[in-house]
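> need a 3D model of the following:
(2 chains)
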Protein chains: 2
Amino acid sequence: MERPGRPVYEHEQMKNTLKFLLILLLQLSSAAFAADPLPSWNDGPAKQSIITFVEKVTTPGSPDFVPVPERIATFDNDGTLWCEQPLPVQLYFALDRVKALAPKHPEWKTQEPFASLLKGDLKTALAGGDHAVLDLMMATHTGMTTVEFAQVVNDWIATAKNPKTGILDTEMVYEPMLEVLAYLRANGFKTFIVSGGGIEFMRPWAEKVYGIPPEQVIGSSVKTRFERRDGKPVLIRLPELNFNDDRAGKPVAINQQIGRVPIMAFGNSDGDREMLEYTQGGSGVRFELLVLHDDAAREFAYGPATGLPNVKLGAFTQALYDHAKQNGWVVVSMKNDWKRTFATQK
Amino acid sequence: MERPGRPVYEHEQMKNTLKFLLILLLQLSSAAFAADPLPSWNDGPAKQSIITFVEKVTTPGSPDFVPVPERIATFDNDGTLWCEQPLPVQLYFALDRVKALAPKHPEWKTQEPFASLLKGDLKTALAGGDHAVLDLMMATHTGMTTVEFAQVVNDWIATAKNPKTGILDTEMVYEPMLEVLAYLRANGFKTFIVSGGGIEFMRPWAEKVYGIPPEQVIGSSVKTRFERRDGKPVLIRLPELNFNDDRAGKPVAINQQIGRVPIMAFGNSDGDREMLEYTQGGSGVRFELLVLHDDAAREFAYGPATGLPNVKLGAFTQALYDHAKQNGWVVVSMKNDWKRTFATQK
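All right, here's what the predicted structure looks like:
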């Protein structure tokens, strides 16, 4: 639709001028950091692969150049951006919710997984597997408005600490990955979270902690219902799963909420395999990366690919490791590739 | 999380500097258009209300100032951004698909709504109501990969014309609304489509026609399934409704895909009422606008609020009109408030 000289297109021209100026500014800023955009990474193939890819897709005239709107990068959350040990943070949130809600639910004293949880017996509670976790999530994450739930999450996350390290959960985020997020955004990428975790559990703090706005957070969700309460429109969170954003669900959710195939994808477990496959299946150059938790000293070491036992939820299996190696995916050794893990570590 | 002097935060500081420069540039561009950002609108309360609102929420220091990340505006599509008469464009797409697919479906000769459609009898075909439309959509929009479907849409929309005017459907977009989209974006807004239409019917062309990228298009959808075909990952479109993004579904989808309450919402029918109510229900200043199709000379006049019969799908009822007036929503008379409707009109 060419309508030269129309006012709306003068706006567009101005927009293009602004874009040009912005790109100039971005290039200036990139130049300022050219010395090292990823200072928490040790020099080596993993770090170099990220920088090489970004330079390749952002250099005008490069055969692999990707226009800004198509620079989509997706990141798993638990174990990829922040710590998922001893258990994923959202499970501790659910446990604290069970304790808070227990007085209103006398039936939980004899009903699993609640009975065991209230006795502090996590192992028995979670022995019920996915079904127990789903029951737990539905009982603790629903029955209120979306606004009320966000407030509950905000209040909880403000003080929640990792039970093993005693450090705030929002400080148990991987400094090297924060650097990747900032580096990509400085190069025109839109960064998305695509997590098996709850979309409304992550959104209240993802912008502050990761710089990722709510509309770029994708996750599992419950159904909601529009209602008018005292004349005020609200959305009620219903105890019914809407979408399980894990494994083959991740490409489905990416298509639903983004509508483009990412050009970069980052994960750490079998739950991310399909997302990385889907990313690699797009046309043009693509980048896939898996974080391997092999650093017992600075974080945790787990998963068959490390020769160590599996984590309860999520696993980096030997089969995933082999697939990654066969398909040119980058596997990051947290022990060897990262200079430090958390901001608090020197 | 304050970690002054850390490289990632130097990045953040640079980002803030860039933001500041960008805002300066945006203000310069705004100033350049201060004379008239909406030249296709006649002077009057409707036009003034848009400009007053935008100035209010974008002026630093204003009590109603809204930070850039929260400047979310949502737009219905059919009848709000482009023409939905004599029938919504996607229905014509479905009809053409029926004709194209008919040789593979001999059973359609006796099966409604297909039998009537193939005879050119639209009225009988659509007499089955929502159920007939759903059957039609499932039969014509599924059974292929998402990539294949996007190609079918792209091929079709390239030549699709309004049956009454003979003008390309992508030219039957409202010039005054294109100006609003550009004006809002120039003022730091993210503009979203929130339509009852198919999300994957709109995405292939929304960026070119409206400047709205796929990740900002929300609509009705079918379920998809991740599969590996000849080793290549694909998403198959299944003949099963995933989400009906109409009426009370719109706030649900906005919460699911954006995760913030819009501060501006634009619609034209009862299908948009809940979206506008939800928008108005957010805290702080909000803006709601409905387009009334009362211009038979330049477009179409329809809907009870015009004193004229209803359009088949979607309706601007008298009840909606009364609710709008009682709640301070702007009702745009296409006849009186718009200087021109389409770019092709002088």
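> which stretches of the stretch 1-150 of chain A form helices?
Taking DSSP state H, counting those that start in this stretch as the test, the helices found in the stretch 1-150 of chain A are A:7-33, A:45-58, A:89-101, A:114-118, A:122-126, A:129-141, A:146-157.
> pick out the shakiest of these, pLDDT-wise.
Of all these, mean pLDDT reaches its minimum on helix A:7-33 (a mean of 57).
> mind listing the strands for chain A?
A:72-75, A:190-198, A:217-229, A:232-243, A:264-267, A:287-292, A:330-333 (DSSP state E).
> can you put the ones you listed in a markdown table and add distance to residue B:297, mean neighbour count and mean pLDDT?
Using the backbone N, CA and C atoms, a C-beta is placed for each residue, glycine as well. Formatted as a markdown table, those follow (distance: least, C-beta to C-beta, whole Å; neighbours: other C-beta atoms under 10 Å in any protein chain shown; pLDDT from 0 to 100):
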| stretch | distance to residue B:297 | mean neighbour count | mean pLDDT |
| --- | --- | --- | --- |
| strand A:72-75 | 44 | 26 | 98 |
| strand A:190-198 | 43 | 24 | 97 |
| strand A:217-229 | 37 | 19 | 97 |
| strand A:232-243 | 37 | 17 | 97 |
| strand A:264-267 | 52 | 29 | 98 |
| strand A:287-292 | 55 | 24 | 97 |
| strand A:330-333 | 62 | 20 | 97 |
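> those: which one's closest to residue B:129?
Among the strands of chain A, strand A:217-229 comes nearest to residue B:129, with 22.5 Å by C-beta to C-beta.
> strands paired with the closest one, and their directions?
According to DSSP bridges, strand A:217-229 forms sheet pairs with strand A:190-198 (parallel), strand A:232-243 (antiparallel).
> where's residue A:262 relative to residue A:290, distance?
Residue A:262 sits 15 Å away from residue A:290, going by C-beta to C-beta, to the nearest Å.
> do the same with residue A:132
Distance of residue A:132 to residue A:290, given as C-beta to C-beta: 28 Å.
> as a markdown table, the strands of chain A with distance to residue B:210 would be great.
As requested, those are arranged in a markdown table below (distance: least, C-beta to C-beta, whole Å):
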| stretch | distance to residue B:210 |
| --- | --- |
| strand A:72-75 | 19 |
| strand A:190-198 | 18 |
| strand A:217-229 | 23 |
| strand A:232-243 | 26 |
| strand A:264-267 | 27 |
| strand A:287-292 | 30 |
| strand A:330-333 | 37 |
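> what's the closest of the strands paired with strand A:217-229 to residue B:234?
Residue B:234 lies closest, by C-beta to C-beta, to one member of the strands paired with strand A:217-229: strand A:190-198, at 18.0 Å.
> could you export the closest one as PDB, CA atoms only?
The C-alpha trace of strand A:190-198 is given here as PDB (Å, rounded to 0.1, in the frame of the first residue of the first chain):
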ATOM      1  CA  LYS A 190      13.200  -9.000  22.000                       C
ATOM      2  CA  THR A 191      13.800 -11.400  24.900                       C
ATOM      3  CA  PHE A 192      11.000 -13.700  26.000                       C
ATOM      4  CA  ILE A 193      10.700 -16.200  28.900                       C
ATOM      5  CA  VAL A 194       9.100 -19.500  27.900                       C
ATOM      6  CA  SER A 195       8.800 -21.500  31.100                       C
ATOM      7  CA  GLY A 196       6.900 -24.400  32.400                       C
ATOM      8  CA  GLY A 197       6.400 -22.300  35.500                       C
ATOM      9  CA  GLY A 198       3.200 -20.200  36.000                       C
END
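> for that strand, what is the distance to the chain centroid?
Distance of strand A:190-198 from the chain centroid (C-alpha atoms, centre = their mean, to the nearest Å) equals 4 Å.
> ok and that strand relative to helix A:146-157, angle-wise?
Relative orientation of strand A:190-198 versus helix A:146-157 (axes from the mean of the first three to the mean of the last three C-alpha atoms, to 10 degrees): 90 degrees.
> and the direction of strand A:190-198 versus that of helix A:89-101, what angle?
50 degrees.
> quote the end-to-end distance of stretch A:152-161.
Start-to-end span of stretch A:152-161 (C-alpha to C-alpha, to the nearest Å) is 16 Å.
> how about it and chain B, any contact?
No. Remark: stretch A:152-161 sits outside contact range of chain B, by C-beta under 8 Å from any C-beta of the partner chain, the gap being at least 11.7 Å.
> go on, stretch A:169-182?
Yes. Applying C-beta under 8 Å from any C-beta, one finds stretch A:169-182 in contact with chain B at A:170, A:171, A:175, A:178, A:179, A:182.
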